[in-house]
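**Q** got a predicted structure plus its sequence, pasted below:
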Amino acid sequence: MVIEILQSLSEMQIVGELTVLTLLIGGIIMVGGVIIAKIAKLLFHKYYAPSLPKDTAKNISKLIYFGILIISFLGFTSSQGIDLSGIMVAGGIFAVVIGFATQSVVSNLISGLFLIVEKPAKHGDTIELPDMGITGTLLDIGTFSSKVRRFDGTVTRIPNEKFFTSNIRSLTLSTVRRADVIVGISYESDIDNAILVMKNEILQTMPFVLQIPEPEFRIEELGDSSVNIHVFVWHPRDDWSHAQPILLTTLKRALDKSGIDIPFPQRVIWTGKD
Amino acid sequence: MKIMNDNSETVFSNYGIYALKDDLELLLPNTSIKFHRISDNAFSYFRKNSEGKIVEKIIPVQSNDLKIELAPIRPLNHPARRTSHIFLKFDKNIHLSANSAASIFVHCPIEIGIFLIHDSIHDSLDWITCNPLNSRFGLYGSPDTGTLCKYAEVSSAIDYNDSNSYFEGVMQIVLENTLSFSQSISKVVFPITDNILYYEDSKTIIDGIKITMKKRAAVNIADVNTTSIETDWSMSPTWEDKTANTTMEMGLE
C-alpha cells in the first residue's frame, strides 16, 4: 500500500525531474534538519553552555544551529537534483549588486565578526562609549548590532560598525578603580587638619576604600571662596556604588564633625574711605 | 572567655559545637546571636553586629534538635568576598641577614563562622567579624595588573597561646634568606585559602607560611608556601562566602 503511494508520488512530475516524492523527501530533510538543529542547540544550552563564558556559548550555539541548517539545506538541494554551480555564478553577481545596495548592513556584519574575534569587551562588562555618551552593561554582541543596558534600565541597540569604530572605555577590566571628588574648605581652616579628619573618616566608615594605595588629597586650587581639595580613593572594581556616590557625604560629615567650614561663595567689598 | 567591661564582667561564648533543644544565646565582642525554637521543626536565627546590621533567618530542621558549630574562619568575607589573597603589613620591618633563617609568630585577623551540622556536613549559616575596622582591602601591584587583597597591619605574637580571642589568630612565619645580601621584610602577600584554622575555647591558630628569598635566573624572588600545623586543637570547617541565592522560575529568590 505504502509502496504504491510512493510510486504514484514519484510519477507525479512537477517541473523537469522534480517529482512530488523528491519534494516530500526534501521537505522531510529540511524539517528534520530544523528539529535536529533546535534539539542540538537546546542540549548545548542545557549541558555545556553553563560552563562556558556567555559570549563563547552564544557564538558556539549559533554555529551549531546554523551549521546544521546549512547542512540540511545542502541535503535538500542535492535531493532535488539542483546544480548549485549555476546558482553560485548568478549568486556572485547578485552579491555584488546587493553588496553595493546594502553597504551598511555588510559593514555591520563584518564589524560584528571583528568584535567577536577582537573582544574589546565581553558579555556583562560595564563599558562607556564616550563618543555616544553611553555607559552601561554590555548585554550582547549580535550579528548586526550590540546591546548595552544603561543604568536607568533601558537597553540601547548600537550598530556594530559604530561600536567597533568608537572608543570603548572598559570600567571592569582593571582590578581596582578610582573615585574622586572636590571639596572646598574655608581659608581660615587648617588644611593639614582638614585632610587628617577626612582621611580618618574615609578609612573608618568606607570599608570598600583601599588602605593601599591610601586616599590621596591634592590642593586643586585657591578658589574665590574656598581652598579646593581634590580627593582620590581606590576601590575594588565592582564596588563603585560603595565609593563614588557616598564619598562627598562622608567628607562633609567629617568636616561638619570637626567644625571645619565649607564656605558659600562670598565677595569682600572694600569702600574707598576704608 | 571573660572580659572586664567597666564594673561588669562580660562572658563571651567559646568556639565549639552546640546542640540546641530550645533557645540559645551566643555572645561575642560587639555581636549578639540568638537561636529561638519557633515550632517543632523550625528555629529562628537572629544576629546583630557592632554596625547595627541585623540578620534574621528561619532554619527548618528534620530532627527535634539543632546542632551548630561556632568556629573561626579565614578573613576573606567582610565587607564582601572579593579575593582569596591576604596582605599582611608588619608593624616593624624584619631584618634578615644574608644566608640566614628566622621564625616569627604574628597576629592574623580572623572572621567567625556559624555552621549548621547535619549528617557530619557543615553548612554555613552566617559569618561575622568582631573587628570591622580592621577588615579592609589593599592592592599589591599596579591598578591594572595588581592583586586585590584583604589588608591587615599585624603585630608580632609571642607564641601560639598569644591569640587575641575572636579578633586575631596566631600564625607562624618562617623566613629564609638564601641570597648573599641582607633583606628587610615589611609585608607578605599570599593566597590564604590553603591555610587551615584550628581553635580551642576562644583561641585560634592558623597554618603557617614559609617565605624563601632566592634567586631565580637574574631575578630575586620570595617563594611563599603553606606549612601545616600538627595540633590537637579542633579544625575549623573550611568555608568562604560562596552561598548562592537561587532564582526560581516563579520569580522567588
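**A** On my side now, so go ahead. Numbers count the residues shown, from 1 in each chain, chains lettered A, B, ... in the order given.
**Q** residues of the stretch 101-250 of chain A that sit close to chain B?
**A** A:173-178, A:203-204, A:207-213, A:234-236, A:238-239, A:242 (C-beta under 8 Å from any C-beta of the partner chain). Where you see a C-beta, it was placed from the backbone N, CA and C, and this is true even at glycine.
**Q** again, only this time at 7 Å
**A** Counting by C-beta under 7 Å from any C-beta of the partner chain, the stretch 101-250 of chain A comes close to chain B at A:174-176, A:204, A:207-208, A:210-213, A:234, A:236.
**Q** filter those to the buried ones?
**A** A:175-176, A:207-208, A:210-213, A:234, A:236 (16 or more other C-beta atoms under 10 Å in any protein chain shown).
**Q** strands of the stretch 101-250 of chain A, start to end?
**A** Counting by DSSP state E, counting those that start in this stretch, the stretch 101-250 of chain A has strands at residues A:126-129, A:134-141, A:145-150, A:155-159, A:169-170, A:176-185, A:216-222, A:227-236.
**Q** listing partners with orientation, what would you give for the fifth one?
**A** Based on DSSP bridges, the strands next to strand A:169-170 in the sheet, each with its direction, are strand A:126-129 (antiparallel).
**Q** for the strand it pairs with, C-alpha coordinates in PDB please.
**A** Coordinates of each C-alpha in strand A:126-129 appear next as PDB, following Å, rounded to 0.1, in the frame of the first residue of the first chain:
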ATOM      1  CA  THR A 126      30.500  47.700  32.300                       C
ATOM      2  CA  ILE A 127      31.600  49.900  29.400                       C
ATOM      3  CA  GLU A 128      31.400  53.500  28.400                       C
ATOM      4  CA  LEU A 129      31.200  54.800  24.800                       C
END
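**Q** how far off centre is that strand?
**A** Taking C-alpha atoms, centre = their mean, to the nearest Å, the mean C-alpha location of strand A:126-129 is offset from the chain mean by 7 Å.
**Q** quick one, longest strand in chain B?
**A** Longest strand in chain B, counting residues (DSSP state E): strand B:203-216.
**Q** just after that one, pick out the following helix or strand.
**A** Next helix or strand after strand B:203-216 toward the C-terminus (DSSP states H and E): strand B:219-227.
**Q** got a pLDDT number for the closest residue to chain B within the stretch 1-150 of chain A?
**A** Using C-beta to the nearest C-beta, the single residue of the stretch 1-150 of chain A nearest to chain B is A:Pro50, 13.0 Å away. Listed pLDDT for A:Pro50 reads 79.
**Q** related to what we said a few turns ago, want to throw the residues of the stretch 101-250 of chain A next to chain B into a markdown table with pLDDT?
**A** Below are those laid out as a markdown table (pLDDT from 0 to 100):
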| residue | pLDDT |
| --- | --- |
| A:Ser174 | 87 |
| A:Thr175 | 89 |
| A:Val176 | 93 |
| A:Gln204 | 91 |
| A:Pro207 | 94 |
| A:Phe208 | 95 |
| A:Leu210 | 95 |
| A:Gln211 | 94 |
| A:Ile212 | 92 |
| A:Pro213 | 93 |
| A:Trp234 | 96 |
| A:Pro236 | 94 |
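**Q** got those residues as a markdown table, with distance to B:Phe181 columns?
**A** Shown next, in a markdown table, are those (distance: C-beta to C-beta, whole Å):
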| residue | distance to B:Phe181 |
| --- | --- |
| A:Ser174 | 35 |
| A:Thr175 | 32 |
| A:Val176 | 33 |
| A:Gln204 | 40 |
| A:Pro207 | 40 |
| A:Phe208 | 39 |
| A:Leu210 | 32 |
| A:Gln211 | 30 |
| A:Ile212 | 26 |
| A:Pro213 | 29 |
| A:Trp234 | 33 |
| A:Pro236 | 36 |
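**Q** from those residues, which two are the most distant?
**A** The most widely separated members of those, counting by C-beta to C-beta, are A:Ser174 and A:Gln204 (25.8 Å).
**Q** shaky segments in the stretch 101-250 of chain B?
**A** B:239-250 (pLDDT under 70).
**Q** before we move on, back to that, so how far is the longest strand of chain B off the chain centroid?
**A** Distance of strand B:203-216 from the chain centroid (C-alpha atoms, centre = their mean) equals 17 Å.
**Q** what's that strand in contact with?
**A** Outside strand B:203-216, the residues within contact range by C-beta atoms under 7 Å, 6 or more residues apart in numbering or on different chains are B:72, B:108, B:110, B:160-161, B:163, B:165, B:169-179, B:183, B:188, B:190, B:195-198, B:220-229, B:231, B:233.
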